[in-house]
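**Student:** when you get a sec, could you give me coordinates for this:
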Amino acid sequence: MICTTIQHHNLEEILEILENGLPAIGMAEIRLDRCPLDENEIETLFSASDTPLVATCRVAGDGSGTWEEAEVKLLAAIRAGASFADLEIEAPKETGKKIRRACSEYGTTMIRSCHFFEGVPSVEEMMTMVERCSRFGGEIVKIAAMAGNEEDVRRVMSLYDRCEKGHLVAFAMGEAGRESRIDCLAAGAPFTYAALSEEEAAAPGQWSCTKMHDRIFRDRKILSGENPVKINASKSFAQRAIIAASLASGQSRLGGYTPCGDNEAALEVARNLGAEVRVEGSDVLIGGIGRDGVPAYSEKTLFVGESGLLTRLMIPLVAAIGKGIVTIEGRGTLLNRPLKGASDIMSQFGTVLRPLGEDARAGVVKVPLSVQGPLLPGKVDISGKDGSQLISGLLMALPLLPVDSVIHVHDPKSIPYMFITLDVLRKFGIRIGSEMEGGEDFMETQDWALCTGITFKIKGGQKYSAASFDIEGDWSSAANFMVAGALFGKTVLSGMDTASLQADISIMDILMDAGASISQLEDEVADSCPEGGSECSGSEDVPGRQAPRGCQVSHTGLITVQRAPLKAFDTDLNNCPDLFPIVALLAAWCTGTSTIAGFKRLSSKESDRGKAILEMLEKMGVRAGAEDDVMFVEGESLESRILGGRLLKGGEYTSSHDHRMAMALTVASLGADSPVIIDDRDCVAKSFPDFFEKWEQAKA
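**Tutor:** Model (predicted):
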């Protein structure tokens, strides 16, 4: 990235520069030793800007002032939210310790810098300083030396052969070293320094940010973030809510509805169950079938479209409320996706699943299939290794039975989706208790990834009541736009709930771990408690959140994601496999080798998603592989790929008829050397029919 040095400007001028500086100003260094800013102004500046900022206050070399003054200013910037803090290696040890502790506490990346203004020393001497800077807290080490000739420049640039990529910024100062300020990006530097203008150069040989940007990017599109994108409704919430509303007594209102293939299939299922369904703008009005007590289903066939979630929700429900044998039919890729573990789980509740047609001879349970009830209550131990969707179906069906049930889920996967189900059920008056278990690490952190089992206590004889609420935005869809902003400029999203239970909200943590700049401007906090509570902060059924029973909380607003130097990351997507395509592509632009766990879960998605991702990356020229449950992706920065001629390869690609793959490929097109042509773009209709329209809006 290009880090633009800003000096000799006051607060108002700096804020104006940052507001209007894109695309040339991707990040900025604020020279606190040269800008007339007091502590309050420093706090305002570093807390107000979405642009990644480096706080620098020089004393040695060309700086002025004292170390005490530098310490005060740097600490103020760190506490206010500086992305980076640059401290010269000459600083006193006590100052270094204080800055290092503050960086650790506030999540600021520490830069330790060393400048050789009198000339370029030996490689050994420079490496000694690199090692010293690292030893004394430098997550990033900056080495700058005044070069007099090409040999000097080569010595400086040879440091990259000895250091890990992404952790060193080394270049030569002076006119002889001018090109090294760009070449360092190709060599693996996370960023380089430019001047706001040629007249404001902070050191000899420094480019202006505009000229450097034009030299590197030429005509390549940079996202401006000028047009906020409103994301579609979460189909995970929508489908659960539609089915729950169809089982309720009275009329329910589901606001914020956006149509897609899976949501429309859920509405058809609701109609088939006997519910009255009307769509009025973005509101769905559903008159449920629970008017006379326990709902009943009399038809013999149920069509679920192409939705695996809908299939697994309805298997237990038709066993509970259906009469006789019910056939479940579908279409498209659903017909090729085995329902792993479904037959074994349902048999423990007295329900028999039988595949139909060719699948009957093969003995593989897939759609179409027959469901022969009844669904029997009981105390059952089941495996969660094949996912949460059938368990969610049981959580929706078992409260309708006259007797209590207990489900213990061992080896749970996609845990957040089970709690989404509980959240939706709570809105419709269904109460289910839950207890999570795990080792000491889980008890201390409440990290879902460390959970080894969940017990659900389900009281029988419950009834669904009508509800009215808005469906929240879909984090799996939002992830594509967020990654696009982190890679190619800036994107702004509206209406997303940052208190969501959706597993795919993990994209926020993944992007922050990778180094992206994320900020939120909350425009609404909506609290409501159906049982009369006036203040709430979460849900009593969700770990780490306390609230009156039945409370609803949302935190919505504008979310801004902006480019910053990206580094390799490690993440586990076992609980959010839908993020895999876009997270794998994110890794291709993060310097270093990223690891992504959860690979085994991808084989039974709309495509063999793991195989499709690896084939896509290989064709694009990205080194990647998988071992057991972990995918490895070797990445490098966008600038490094451009300057080294290693942009992703464009051309014809297959989406494998998978909506997640089609969206990820679209994002990848911004970093390709030629257009990316996708064979099946229409498959996005499954979850996000107007994705391409919103994509053009984000690019405008």
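**Student:** what comes into contact with stretch 298-313?
**Tutor:** Applying Cβ atoms under 8 Å, 6 or more residues apart in numbering, the external contacts of stretch 298-313 come out as 235-236, 239-240, 243, 261-262, 264-266, 268-269, 272, 274, 314, 318, 322-334, 337, 339, 342, 367, 389-390, 392-393, 396, 606, 686. From N, CA and C alone the C-beta is placed, and that goes for glycine too.
**Student:** from the residues you listed, which land in strands?
**Tutor:** Judged by DSSP state E, these include 325, 326, 327, 328, 329 as members of strands.
**Student:** for the spatially closest residue to residue 465 that is not a sequence neighbour, what are its contacts?
**Tutor:** Once flanking residues are discounted, residue 465 sits nearest to residue 429: 3.8 Å by Cβ to Cβ, 6 or more residues apart in numbering. Residue 429 is in contact with 248, 462, 463, 464, 465, 467, counting by Cβ under 8 Å, 6+ apart.
**Student:** what about residue 429, which SS state?
**Tutor:** coil (DSSP: H, G, I helix; E, B strand; the rest coil).
**Student:** quick one: it from residue 456, how far?
**Tutor:** Going from residue 429 to residue 456 by Cβ to Cβ, to the nearest Å gives 17 Å.
**Student:** cool, and residue 76?
**Tutor:** 50 Å.
**Student:** cool, and residue 138?
**Tutor:** As defined by Cβ to Cβ, residue 138 lies at a distance of 49 Å from residue 456.
**Student:** mind checking which of those two has more residues around it?
**Tutor:** Neighbour count, other Cβ atoms under 10 Å: between residue 138 and residue 456, residue 138 has more, with 25 against 21.
**Student:** so what's the residue nearest the centre of the chain up against?
**Tutor:** In the chain, the C-alpha nearest the mean C-alpha coordinate belongs to residue 507, at 1.3 Å (Cα atoms, centre = their mean). Counting by Cβ under 8 Å, 6+ apart, residue 507 touches 475, 478, 479, 482, 483, 579, 582, 583.
**Student:** so what's the fourth one up against?
**Tutor:** Same thing as residue 482. 491, 493, 507, 508, 511, 516, 518, 559, 561.
**Student:** let's see 7 Å
**Tutor:** Neighbouring residues of residue 482 by Cβ atoms under 7 Å, 6 or more residues apart in numbering: 491, 507, 511, 561.
**Student:** show me which residues of the helix or strand that contains the third one are buried.
**Tutor:** Think residue 511. Assessed by DSSP states H and E, residue 511 sits inside helix 506-514. Under the neighbour-count criterion of 16 or more other Cβ atoms under 10 Å, helix 506-514 has 506, 507, 508, 510, 511, 512, 513, 514 buried.
**Student:** hmm, back to that, which of the contacts of residue 429 lies closest to residue 51?
**Tutor:** residue 467 (42.4 Å; Cβ to Cβ).
**Student:** distance between stretch 608-622 and the chain's centre?
**Tutor:** Relative to its parent chain, stretch 608-622 has a centroid offset of 20 Å by Cα atoms, centre = their mean, to the nearest Å.
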